[in-house]
Structure formats: C-alpha cells, structure tokens
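Visitor: heads up, no residue letters with this:
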C-alpha cells in the first residue's frame, strides 16, 4: 500500500522523546474519560518500512500484549540479504551492493527485542549481587570501593538502558551512587558512526524498499550499521550522565580489546578499587581474566527468545524502547490502526541532530488529528512552543 507524505505540512508531524510516547498512546487508546477503548480499538499492527512485513500485532492495556506475525527465520541471515532479494526478482541484480546490507537481518531483528530489555531477567541475578554488595560496603572494615565498566558490545546492546530502568523500578539506590569507569577505547569505537546515505544509496534503497516515500526522508542520515553504533554511543552517554563516572585512558597493546582492558586494570590497581567488567564478547571476557581486583562477567548474548513464544507481554517502558529500537533498525515503522490514518514513527529523518540522538527522540508523522492534542500536551509538559 502506497503512503503519501506531505512533509511541508507542519501539523502532520511531531518530535517526541521516546519516553513521552505515553502521551501519544493515551490519545490513541483512551476515551475522553481516561478509560481504555474496546480491545478491538486498542489493537494495531507494526509494519517495517523496508521489507514491508507485518512484524507484530499489539494490544494496549495495563500490560502490552505482543503477537509475533512473522518468525525471525523468515528474514535473511547476515550477508545473505542480496541473495534474498535477487531470488525474489532478477531486476535487483543491478542494485548498488552495499544497499542490501541496510535491510536488517534475522539476528538484528531478534536483537531489537532483546535490547529493549524484554529478557533482562536473565541478567538480573548477576546485577542484583553487585547492587546488594554496593549497599553493604563498609570502608571501616576494609571493603574496597566498587566500580562497573562495560565494553563496546555491552553498550551496543543497550545494557545500561536496561539496567537503569531496572534500577529505577526496583532499588532505592541512586544511580549517582554507582561508579562507572568509561574507557576511552570504548568511546572511540562507539563514535564510528559517520557512514551516511548518499543520494545514490537512497535511490537504490527506494527501488528495493516497500515504502519509497518514507525512505526518501532518510537522506544524509546514518546507514544501518552506523545507526546501531550510534545507539550504543547514546547508551554510553546515558551511563556518563546518570552515574558517577571516570574517563580511563587505554593501556598499551597491539589489539584494541587488550588496550581497553589494560587501561581499566591499571586504574583499578593504582586506586585500589574493585571492578566488575561486563561484556557480550567471549574473547574479550577471556582476555580480562587474571587481573587483580577485576571481575569479568560474560553476558549471554544468545538469550532464549524462543521461550517467549509467539505471544508475550511486557511493560509500557519496555514497549516504548522496543518501538524506539525498531524505528532505528528500519529507519521508520508504521503503526496500522483500524479505521484511522496510518502513523509513521521515524527513527531517522532529514535534519535529525546530535541532540535528537542523545535524547532518543522520534518523529511521528500522521494526518491523524491526535497529533494536535499531543502537541498541546507536550507544550504543557515542557512549557515550550512546538
């Protein structure tokens, strides 16, 4: 189905921080008295704008009910995107090869759910032990100060955002009481996000993609891999903002991982503290073993997503993060609501700024009149004119 976009009409779009999506869904699913509408009116589909697949059906309530409409294994595996499309149509043989890599593979689509925190419970016990240890530190008895550190993969998988949400909902412990060591090497790896769409990329992507008018708004924005790195950088900035942090220079070694580890280990030894170092990378974790007062933790990356089944529930906060992740992954997603104008949630758009990334903003586009109400509520919430 073709979608027409009138980008010049200001009333058709609103810029919103992802955590303020509750304003949008209140308008979408609540009546004038603040009661939920009938279930059929609270159900909508999520469509990706690249493949054009119906990803999920959503029913809004006290919990968010999610039904998977297309299995992950029906998407191409990594490095097989070009073959996937050429098998569908020979006309794609002449498409610029790097464009196919901007169609998310089955693993990346799976990780969009994992990175939202839907299975954080599998990490929970490990973090609980450290958080309880932090609460019980007694320096008079010789306990060492405790710090945490993440490698690049951990930030890319947005573990800090998941930990922060868990901390705010389950602990009285202030995030500012947690010490985080931030490696300069990790920071450098998370700033490699300058690969952007050129006009040739956009033209090719529009030829293959399902919704050319949506894709047309991606010009001069980060390509897929760069977007995923950028999301990791945002997670890194959040750890710097919300915790007590110290920037740590790299150590000396030939490979990047060892430089990161040695830099952190040197600081730990010099300042006589204890460090919990987290990674999704088994090789990184192996290299971090054996340093004094450094406890290296491997976070299982292949979490049992299959245990969720094709129907599962999550909190509103996790659902909002899932929408954000899907919008970044595909560039934009479409909310299909019965008897209403379709709603496009852009993760990237013409003119998206560094501030938009840092504040995890989304651009909502629709001819639906509820956008006017959302603008009014945002105006009241932030006392600004939008």
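Guide: Thanks, I have the structure now. The structure presented is a predicted model; accordingly, all values stated were derived computationally and were not measured.
Visitor: Pull the number of nearby residues for the residue nearest to residue 225 when sequence neighbours are not counted.
Guide: For residue 225, ignoring the flanking residues on the chain, the nearest one in space by Cβ to Cβ, 6 or more residues apart in numbering is residue 195 at 6.8 Å. C-beta: built from backbone N, CA, C; applies to glycine. Residues lying near residue 195 (other Cβ atoms under 10 Å) number 15.
Visitor: Could you verify my assumption that residue 195 touches residue 223?
Guide: Yes. With contacts counted by Cβ atoms under 8 Å, residue 195 reaches residue 223, the gap being 4.9 Å.
Visitor: Just give me the neighbour total for the nearest residue to residue 300 once chain neighbours are set aside.
Guide: Spatial nearest neighbour of residue 300, chain neighbours left out: residue 122 (6.6 Å); criterion: Cβ to Cβ, 6+ apart. When neighbours are defined as other Cβ under 10 Å, residue 122 has 13 of them.
Visitor: I'd like the numbering to begin with 753 instead of 1 from here.
Guide: OK, 753 is where the count begins now, so the last one is residue 874.
Visitor: what kind of secondary structure is residue 874 in?
Guide: helix (DSSP: H, G, I helix; E, B strand; the rest coil).
Visitor: One more: residue 1065?
Guide: Under three-state DSSP, residue 1065 comes out as strand.
Visitor: For it, give the beta-bridge partners.
Guide: In this entry, residue 1065 is beta-bridged to residue 817, by DSSP bridges.
Visitor: all helices of the stretch 803-952 of the chain, in order?
Guide: According to DSSP state H, counting those that start in this stretch, the stretch 803-952 of the chain carries its helices in the segments 833-840, 849-852, 858-866, 873-887, 904-908, 911-922, 936-941, 951-960.
Visitor: before we move on, the earlier item: ok, the residue nearest to residue 977 - contacts?
Guide: 974-975, 977-978 (Cβ atoms under 8 Å, 6 or more residues apart in numbering).
Visitor: Tell me the one of these nearest residue 1106?
Guide: residue 974 (11.3 Å; Cβ to Cβ).
Visitor: end to end, how far does stretch 805-820 reach?
Guide: 11 Å (Cα to Cα, to the nearest Å).
Visitor: before we move on, what about stretch 996-1013?
Guide: 20 Å.
Visitor: Now residue 1125: closest residue in space that isn't a chain neighbour?
Guide: residue 779 (5.2 Å).
Visitor: so the one you found, which of the three states?
Guide: Residue 779 - assigned by three-state DSSP - is helix.
Visitor: Might you report the residue contacts of it?
Guide: Counted by Cβ under 8 Å, 6+ apart, residue 779 has contacts 1122, 1125-1126.
Visitor: among the residues you listed, which ones are buried?
Guide: Buried members of the contacts of residue 779, scored by 16 or more other Cβ atoms under 10 Å, are 1122, 1126.
Visitor: for the contacts of residue 779, which one is nearest residue 775?
Guide: residue 1126 (5.3 Å).
Visitor: In a helix, that closest one, correct?
Guide: Yes. Checked against three-state DSSP, residue 1126 lies within a helix.
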